[in-house]
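> Got a sequence here, can you build the structure:
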Amino acid sequence: MSKRVATITLNPAYDLVGLTTDISIGEVNRVQTAGLFPAGKGINVGKILKNLGIDVTVGGFLGKDNQDSFQNTFTELGMNNQFQLVEGRTRINVKLTEQSGIVTDFNFSGFSVSKEEWQQFANRSLQWLREFSMVCVSGSLPAGVDLDDFTHWMQRLREECMCVVFDSSREAFVAGLKALPWMVKPNRHELEIWAGRPLPTQEDIVTAAHQLRAQGVSHVVISLGDEGAILVNASGTWLAKPPHCEIVSTVGAGDAMVGGLIYGLMMGQPSEHTLRLATAISALTVSQSSVGSIDRQQLARMMARVELTPLHTQSAKNN
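All right, here's what the predicted structure looks like:
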């Protein structure tokens with residue numbers, strides 16, 4: 001497998017990250033600005049992979065009116081840029097981290113994609129994405145994109161690329177799952193939405209993951225916040241728990257995990273090593289204000305502190 005990855009971010013955002021003590025509703029809150037970052041889930045994944053030495057191409061939509069910082073970031077990081085420009089502004093997401101570690105998001109609206117713009121993107125992207133053996137599709141859908149059109153594009157992408165990694169939420173997650181991506185990374189709530197029932201225990205989560213695998217999804221990773229993550233694939237089932245870390249911001253922690261999972265799988269690492277690596281990268285990310293910076297020595301130390309446990313559940317034995 002060539003060490004080249006494409007990431008698709010259909011609804012990127014400028015992340016305005018701030019730190020505060022406690023948010024008081026209806027009052028003036030003083031916020032320490034941590035940074036304003038050109039971001040979006042697929043772009044964050046790309047930053048992690050680029051830092052790990054992978055050749056990354058990024059694509060999706062960008063608003064014409066405030067594209068400059070994105071374009072500069074792609075150039076500075078050496079990412080190949082296949083973004084399509086549309087009328088309007090890329091949205092701003094305000095993310096406030098309280099002293100307790102709780103993050104409150106204020107996600108503003110941005111550009112809207114017309115039917116013609118979507119069709120142009122769908123046709124053009126499938127032409128250049130067929131060059132990649134691994135494609136990551138992450139994040140929400142911008143206004144104007146029809147769910148059925150998105151499902152159809154994902155299905156066509158799956159025909160062109162065997163290894164499609166998918167990380168989304170709400171209606172977009174359900175729509176994208178219909179294409180049976182190679183790997184998905186829902187959190188517990190997103191998996192519950194797909195399953196149509198609560199999943200209060202590890203056994204319940206693993207059962208739902210095996211149901212996804214039975215439909216054709218090869219790798220299912222369920223992120224559980226500070227409880228860690230569960231990986232279910234043909235090799236087995238594991239729970240990885242990160243060590244306690246001082247939380248600066250949880251922004252991009254899930255994207256960092258996806259980047260680590262992709263890297264491990266691309267490098268042919270065993271599932272256990274891949275999950276340990278991805279969990280460690282995610283843990284490092286919460287200890288800093290921006291996504292993408294990885295010190296190899298710190299990563300090695302963090303990996304050694306990740307607690308990895310095989311889960312021999314009844315669901316696993318029956319599959």
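
> in the stretch 51-200 of the chain, which spans are strands?
In the stretch 51-200 of the chain, the strands defined using DSSP state E, counting those that start in this stretch lie at 55-63, 80-86, 91-97, 103-107, 134-138, 163-167, 183-184.

> tell me the most buried of the ones you listed?
Burial of the strands of the stretch 51-200 of the chain is given as mean neighbour count (mean count of other C-beta atoms under 10 Å); strand 134-138 ranks first at a mean of 27. Backbone N, C-alpha and C define where each C-beta goes, glycine included.

> Can you spell out which helices and strands pack onto it?
Packing partners of strand 134-138 (3 or more C-beta pairs under 8 Å, 6 or more residues apart in numbering; DSSP states H and E): strand 4-9, helix 41-51, helix 147-160, strand 163-167, helix 253-266.

> want to throw these into JSON lines with distance to Ala175?
Shown next, in JSON lines, are the helices and strands packed on strand 134-138 (distance: least, C-beta to C-beta, whole Å):
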{"stretch": "strand 4-9", "distance to Ala175": "14"}
{"stretch": "helix 41-51", "distance to Ala175": "16"}
{"stretch": "helix 147-160", "distance to Ala175": "4"}
{"stretch": "strand 163-167", "distance to Ala175": "10"}
{"stretch": "helix 253-266", "distance to Ala175": "19"}
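
> Tell me where the model's unsure across the stretch 151-300 of the chain.
For the stretch 151-300 of the chain, the stretches with pLDDT under 70 are 247-251, 287-292.

> hmm, 90 instead?
The stretch 151-300 of the chain contains residues with pLDDT under 90 at 160-162, 169-171, 193-195, 224-228, 242-254, 268, 282-300.

> mind giving me TSV with the strands of the stretch 51-200 of the chain and columns for distance to Asn44?
Output for these, formatted as TSV (distance: least, C-beta to C-beta, whole Å):
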stretch	distance to Asn44
strand 55-63	10
strand 80-86	15
strand 91-97	12
strand 103-107	15
strand 134-138	8
strand 163-167	10
strand 183-184	17
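
> Show the pLDDT at the nearest residue to Leu10 once chain neighbours are set aside.
With C-beta to C-beta, 6 or more residues apart in numbering as the criterion, Leu10 has its nearest non-adjacent residue at 4.9 Å, and that residue is Gly60. Here, the pLDDT recorded for Gly60 equals 96.

> got a list of what Gly60 touches?
For Gly60, the contact set (C-beta atoms under 8 Å, 6 or more residues apart in numbering) comprises 8-12, 40, 42, 83-84.

> Please identify the one among these that lies nearest to Asn107.
Of all the contacts of Gly60, Asn107 sits closest to Asn11, with 9.6 Å by C-beta to C-beta.

> quick check, that closest one in a strand?
No. Going by DSSP: H, G, I helix; E, B strand; the rest coil, the assignment for Asn11 is coil, not a strand.

> Identify the residues contacting it.
Contact analysis of Asn11 by C-beta under 8 Å, 6+ apart lists 40, 60-61, 91, 110, 139-142.

> Throw those residues into CSV and include distance to Pro198, thanks.
Compiled in CSV, the contacts of Asn11 are given as follows (distance: C-beta to C-beta, whole Å):
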residue, distance to Pro198
Gly40, 30
Gly60, 33
Phe61, 35
Arg91, 32
Gly110, 33
Gly139, 25
Ser140, 24
Leu141, 26
Pro142, 31
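
> Where is pLDDT lowest across those residues?
Gly40 (88).

> Any figure for the gap between the residue nearest to Leu10 and Gly252?
16 Å (C-beta to C-beta, to the nearest Å).

> One more: Leu277?
Distance from Leu277 to Gly252, by C-beta to C-beta: 16 Å.

> now swap in Ala122 and tell me
Applying C-beta to C-beta, the value for Ala122 to Gly252 is 27 Å.

> go on, Asn51?
Applying C-beta to C-beta to Asn51 and Gly252 gives a distance of 13 Å.

> residue ranges with poor pLDDT in the stretch 1-150 of the chain?
In the predicted model of the stretch 1-150 of the chain, residues 1-4, 15, 17-25, 27, 29, 32-40, 95-105, 107, 131, 133 satisfy pLDDT under 90.

> Once you drop chain neighbours, what's closest to the spatially most central residue of the chain?
With distances taken as C-alpha atoms, centre = their mean, Asp255 lies nearest the centre of the chain, 3.5 Å away. Among residues not flanking Asp255 along the chain, Asn44 sits closest, at 3.6 Å (C-beta to C-beta, 6+ apart).

> Please determine how far that neighbour is located from Ala229.
Distance from Asn44 to Ala229, by C-beta to C-beta: 17 Å.

> Check Ala179 too.
Distance of Ala179 to Ala229, given as C-beta to C-beta: 23 Å.

> These two: who's more crowded?
Remark: of Ala179 and Ala229, Ala229 carries more neighbours, 24 against 21, as counted by other C-beta atoms under 10 Å.

> what sits against the more buried one?
221-223, 239-240, 257, 275, 278-279, 282.

> let's see it at 10 Å
Residues in contact with Ala229, defined by C-beta atoms under 10 Å, 6 or more residues apart in numbering, are 185, 187, 221-223, 238-242, 254, 257, 261, 275, 278-279, 282, 306.
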